[in-house]
Each structure stands twice: as structure tokens, then as C-alpha cells.
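In: how does the following fold in three dimensions:
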Amino acid sequence: MFRLASKTALERYSLQTVRHQSTNASSGGSGIGKKLFLTTTLLGGAAGGTIGYAYIDPEFRRKVEENVPQSKELFQTLLGPPRSGLSPKALSEVVPLPTLKEEKKTSLKVADAPTTITTTTDKPKKLVEVTPVDVKKSVIAAVPEPVLDVEAENRRLEDCIKSAIQSAEAKVKFATDAKLKTIQAIDDHAKALKKAVDDGAKANWNSVSVALNVVDKHAACDAKEEVDSRNYIDNLSKIVNDGKASASTGKNPLLVNATETVNKLSSQLDELNMLVEKSRGESRVFNKYKDLIDQSRRQFSSELKGILPHVDISAKNAKLSEDDLNALIAHAHLRVDQLRRQLAEQQLFEEQHIAKAIEDQRVSDERIAAHQLTLEVDRVKKQGDVEVEKQIFVNRRKWESELEERLRMAAAAHSEHLEQVVRTQKQLHDIENAQAVEDAVNKERKLHQGQVELALSKLGGIETALNSRVALDAENRKSKQYWLACQNLIESIVYGQKAGDDLEARRKPLSKEAAVIREAFGQDEFVDKVLGSFPDQSLSTGVYTEQDLKNRFSKIYKLSHRTARIDNNGGSVLKYFSSYVQSLLTLELPRRFSEDDKFDANVLDTYEILARARYFVQKNDLLSAAKMMQLLTGEPGRIAKDWIHDVRTHLETRVVAELLLAHAAVTSIRSTY
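Out: Predicted coordinates for the structure are as follows:
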């Protein structure tokens, strides 16, 4: 009993685990799958052992219910209400059935058996009194049959079949209504098309278009309803097949009726499809008629264009000359003569056309009839199978009743033979096996107690490792979002508003990006400190982009180069003019500089400073360029003052953003490894 309970609980838990894994499968690697499979196996083994041991040891079950949350409801579902442990006295009351091999041997012992029997055990010997037992009871009645389980499964099957039949019939009814609406819509479209063709120039083609749209709408609707109804029919068929495959429900008479219902509903849908196809075939005739009329109209229009290529016949209020009218009238007379000849020819070949139309209709009818015949043959075959199954059920019941009667008679005869030996065998078996059962139960209990404790300790370690991994994974995802937000911040600093038309329009406020970073990483003191160090100007109005600063430097360089000789005291117009002339006469040669170059700031002149700054700007080194521009004095220093301030703000903001990006990368690496 213990092994059966353990096996049942373990199979239930393993099945639930497999279903959960198949539903929530992710795109993880095979390593994670192996770890998850190993964890699931350990958890299933531990849970199965715990449930099995709780089944035979009520005291252990009570301790687990007190210490583990939600375990009481699990035990109630799997094991039922608590029961007391198996005592030697209770085990001794079990009545085993004898085997045929032991009957003869036992009957010989009964003849010489005394009224009292002594047993040899490790304890002091004591007499065991043999008390009479009632052997008149039916032996067959002592063997419980799993009738309740079979009846419950049959009731569940019947409920499922009834529910599936109701759903399938409702869906088929919806599909039937939808297909009837489709047939009506096809007929309405054919009537509207015929009326429009017959009306000629006064035809209302809008009604034809509306009717065609109605046909498409109903066709899509009935196709969807047909798919749904066939899915419900397939579901009913699957339930019936599963019921037939089961040994406990395979003899249920409702399966035959359900099979007949499946065949009837499928045939109903097939017949409706044939009606729809027939209506579509009738509608195709009018479509061909319309195509022929349209073709003749296009041909006549092309002929008119060939005669009067410079005149738009379809235009309103078109004026034709006398020559054009004469040509048009002549063509009309020729066309009338031609049509008369064609009409005469058509009358001659009318019988051939009628024969061809009849042949086409016959082929179409034969195709539809062949399809109907196939469906009818299939329906008759399925109905024949159902009738065979009904006859099999009737014969099976008759045969089973006869077999049960014969088995009952054989069991009665056998019980009369066994009642002479059951009494003594029962008492001997109880005495011999009571102690052995108790020893085996105690040994098994100790073994499973150790296994459960070991499994619980392993389970605790696994749970700790999984919780740690979950926390690291959450931190890693948060750090990736943090890194993306920082990367977006740097891109906003470097490129600003890419759609801006001027310098100010390309300045992008960084308050939104800073808020996104704070929200992505959560509450962190370092991030809050770094975000607090952002210049207020960059958060509110943004900073100039790197390219805009370089473009501004070109203008500042020209102005500073022209006013290089103007000191802090300013100068006259003549001095400005001489500085400008000197800048024009100054030859600018390409030079190479380095950050490691040593120079005396007091010796450098304005031209040298500007040359070095321009070199660093061309190398995208705004920091070195700003350092060099700070050495300017006089009018050039005043001109470059705003540019130096904007460069400093840009660099400060970019340094803070790169610091946040580095922090995000370190956080991601830390949570990964």
C-alpha cells in the first residue's frame, strides 16, 4: 500500500511538472534545461517520498502539516482524511485468500491440528487460542471490485459527451444559418446582376457591388462558423475515441449514439456545402453573361476610337463635325450589317451552342453528383459501422450476463470447497505474519525517514541557489535597461535634436533622459549623486552638440584671427584695420601638435594659440581646444568666452553621462558573473 501511494503521488507530481514546463517553455539554453530537469526530478522525488511516508505515518503527517504551509490541503486532496497507523492487531485482522497450491497441504494439517496452537517467537512462548469463525459468508463478496471508479469514469464520460454534443449542435446550427444566408446572398447577387445587365444604360451597378460585398461577408462568416463547428465535431469525436480506447468506459452505450451524432452533423455540413456550390455554379452563368456584354462594349468603344481617334466619345457635350458624324453613321451601318450576319450565323449554330451548354451543365451536374455520391457512400459506411457497434453492444451484454452467471456458479462451488480450510489458514497466517509485517513497517519507516530528511536538506540548498539566481537575473535586466538609458543620454548629448534647423533647435533638454535613468535603476545613492551633478542648463535647455561647437569654432577662429592684435584695452579703428591687414598677410601653414607638448603660456602669441586650438578641434579633442582658448586675452578672449563656456558645459555633461554608462556596464558584469 505504501509503495502504491508513493508511486501514485510521484506520477501525479511528475505529470504536473511536465505540463508546467511544456506550457511555460522559454528560449533558454540546454544548460538551463538540464538544471531545471534535475531540480524538477529532485523536487518530485522529495515530494513523492514525503507524501508516501505521510500516508503510513500519521504522526509525521501531522508534523509536516504544522511546519509546511499549504501542505494540509495537499494531503487532504491526495490522501484523504488522516487515519491511524497500522497496528499489529489491525494487521492480524486481514483475511488473505488461500492459493490452490496450499489447499491440499493445509487440509492435511487441519486433520491433525489440536484445539490450541503454539507459535515460536523470540518472546516467551504463550498459548494462542483458536476461535471459531463464520465460514458461511460468500467468499466472492469479500473481494472488493472497483465498481465506484468505473461508474464515476462513465458518469464523467457521459457528462463530457453530452456537453460536447450540445456545443457541437449549437455550432452546427450557427453554421447552417450562416450558409443559408450565404446561399440567399448569392441568389440575390445573381438577380441583381441579371437585372443590371437587362437594364442596359439605366442599370444600377451599385446594387450589384453591394450584393457582391454581402456575398463576400456572408461567405467569410459561414467559413469561420464551419471551421468552428468542425472543430467542435472533432472534439466530440476525440472524446468518443478516448472513451472507446479506455477499458473502463469502452462499453458505454452512449458512445454509439455520440458516433451517430458525429456522422449526422458532418453529413449536414457536407450537404450545405453542396448547396452553396450549386448556387455558386448558377451564379457563374450570369457572371459569364456580364463578361460577354462588357467585352462587346469595349470592342465597340475601340472601334469608335479607331474611326475617330481625335474625338472623346465618352465626354459630355462633345461636338462632332459633319465629317465625323458621317463616318460614325457609316460605321454604324456597317456594324449593323455585320451584326445581322453574325445573328444569322448564331441562329445556325444555336443548336451547337445549346448542346455545348447542356454538355457543360451535365459535366457540372456529374461532378456535383459524384461528390454527393461520395459523401452519401461515406455516410452510409459510417452509419453501417454504427449499426455494427450497436449489435456488438447488444451481443456483448448478453454474453457478459451469461458469463457472469457461469462465474457465479463456479465461485459458489469453489467457495464450498474452500470453507473447510479458510478458518485454520487465516489464524495461522495472522500469527506468522503479524510480527514480520510490524518489523518490515518499522524498517521501511526508518529508511524513508532518512531519505526524506536528506531530500529536504537538498531541497533547501536548491531553493537558496534558485532564489539567489533570480535576484541576480532581476538585477541584470535592470542594469541592461540602465545601460540603454545611459547610451541614449550620451547620444542626446552628442547629436541633440537631429531634426533641428539651427543651433538652438538642436539643443535637447536632458531632464527626460535623467528621469528615465533614475526610473530604470531605481533607488541608488550613487546614481542620485551623479544625476544631481548635472549642470542645470543641460537639464533645462540642453547643451550644444559637438558638431555645432566645431562649426562655431570656425567663426570664432576667423574673428579672433582678425582681432589678434587687439589687447584688453581695446583700440581705435586704425588698430582694428591694421590687425585685420596683418591677419591677411599672415601665412597659415599646416602644423602638428600634441597634448604632451611643453610650451610657455607667456611666450605664445594669439596666432599660435589659435593654430593649436584649431588642430585639437579638427582632432575632435574639444577639451584640449578649450584649454588653449582659455589662454587668449584681449578681444579674441572676449570673443571666445561664450564658446569656452558652452564647451565646458558640453564636456561636463558628457563626463557625467559616461560615468553613468561605466557604472551601468559594471553593474551588468557584476550581475552576470
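In: same question for the host helix or strand of R408, mean pLDDT?
Out: Per DSSP states H and E, R408 falls inside helix 350-418. Regarding helix 350-418, the rounded mean pLDDT is 77.
In: ok, now stretch 502-515?
Out: Per-residue scores along stretch 502-515 average to 79.
In: one step back: after the helix holding R408, which helix or strand is next? Please name it.
Out: Later in the chain than helix 350-418, the nearest helix or strand by DSSP H and E is helix 422-495.
In: quick one on the thing from earlier: quick one: the helix holding R408 to helix 422-495, angle?
Out: 140 degrees (axes from the mean of the first three to the mean of the last three CA atoms, to 10 degrees).
In: helix 350-418 - contacts with which helices or strands?
Out: Here helix 350-418 is seen to pack against helix 254-307 when contacts are counted using 3 or more CB pairs under 8 Å, 6 or more residues apart in numbering; DSSP states H and E. All C-beta spots, glycine's among them, are computed from the backbone N, C-alpha and C.
In: same question for the helix it packs on, mean pLDDT?
Out: Per-residue scores along helix 254-307 average to 74.
In: next, count neighbours for D548.
Out: Counted with other CB atoms under 10 Å, the neighbours of D548 add up to 20.
In: which ones are touching it?
Out: With contacts defined as CB atoms under 8 Å, 6 or more residues apart in numbering, D548 is in contact with G496, L503, R506.
In: how near is the closest residue to L661 other than its chain neighbours to A626?
Out: Distances taken as CB to CB, 6 or more residues apart in numbering place C486 nearest to L661, at 4.1 Å, with adjacent residues excluded. C486 sits 24 Å away from A626, going by CB to CB, to the nearest Å.
In: what does G532 give?
Out: For G532, the distance to A626 - CB to CB - is 24 Å.
In: okay, those two: which has more neighbours?
Out: Shown here are G532 and A626; by other CB under 10 Å, A626 has more neighbours (23 against 9).
In: thinking again about what came up before, how many other residues sit next to the residue nearest to L661?
Out: By other CB under 10 Å, the residues close to C486 number 25.
In: contacting residues for it?
Out: I517, A657, L660, L661, A664.
In: what pLDDT does it get?
Out: What the model reports for C486 is a pLDDT of 84.
In: also D216?
Out: With respect to pLDDT, D216 scores 86.
In: what of the one 5 residues further on?
Out: Looking at C221, its pLDDT stands at 90.
In: that one touches L180, doesn't it?
Out: No. Assessed by CB atoms under 8 Å, C221 is found out of contact with L180, at 11.5 Å.
In: intersection of neighbour lists for the two?
Out: Taking CB under 8 Å, 6+ apart as the criterion, C221 and L180 do not both touch any residue.
In: the stretch 101-250 of the chain: helices as residue ranges?
Out: Listed in chain order, the helices of the stretch 101-250 of the chain (DSSP state H, counting those that start in this stretch) span 147-199, 205-245.
In: of those helices, which is nearest K381?
Out: Closest approach to K381 among the helices of the stretch 101-250 of the chain (CB to CB): helix 205-245, 15.4 Å.
In: so, low pLDDT: which residues of the stretch 451-600 of the chain?
Out: 522, 564-565, 567-592, 594-596, 599-600 (pLDDT under 70).
In: gap between the residue nearest to L661 and A664?
Out: Going from C486 to A664 by CB to CB gives 5 Å.
In: again with A514
Out: Per CB to CB, A514 is found 14 Å from A664.
In: A219 now?
Out: 57 Å.
In: among the two, which residue is more densely surrounded?
Out: Taking neighbours as other CB under 10 Å, A219 and A664 compare with A664 leading, 24 against 18.
In: just the ones of the contacts of C486 in helices?
Out: Among the contacts of C486, the ones falling in helices (DSSP state H) are I517, A657, L660, L661, A664.
In: tell me which residues touch the last one, please.
Out: Spelled out, that is A664. By CB under 8 Å, 6+ apart, the contact list for A664 reads S479, Y482, W483, A485, C486, F521.
In: kindly present those as CSV, with separate columns for distance to E444.
Out: Shown next, in CSV, are the contacts of A664 (distance: CB to CB, whole Å):
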residue, distance to E444
S479, 52
Y482, 56
W483, 57
A485, 60
C486, 62
F521, 56
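In: which of those residues sits closest to T606?
Out: C486 (39.8 Å).
In: what's the distance between the closest one and T672?
Out: Distance, C486 to T672, by CB to CB: 17 Å.
In: swap in H414?
Out: H414 sits 74 Å away from T672, taking CB to CB as the criterion.
In: hang on, the earlier thing: for Q435, which of the helices of the stretch 101-250 of the chain is the nearest?
Out: Q435 sits nearest to helix 147-199 of all these, at 34.1 Å, using CB to CB.
In: and the closest one, what does it pack onto?
Out: Contacts defined by 3+ CB pairs under 8 Å, 6+ apart place helix 147-199 against helix 205-245, helix 254-307.
In: follow-up on the earlier one: so which of the helices of the stretch 101-250 of the chain is nearest K426?
Out: That would be, of these and by CB to CB, helix 147-199, which comes in at 25.6 Å.
In: and the angle from that closest one to helix 205-245?
Out: On the basis of the same axes, to 10 degrees, helix 147-199 is oriented at 160 degrees to helix 205-245.
In: average pLDDT for helix 147-199?
Out: Here the average pLDDT along helix 147-199 is 84.
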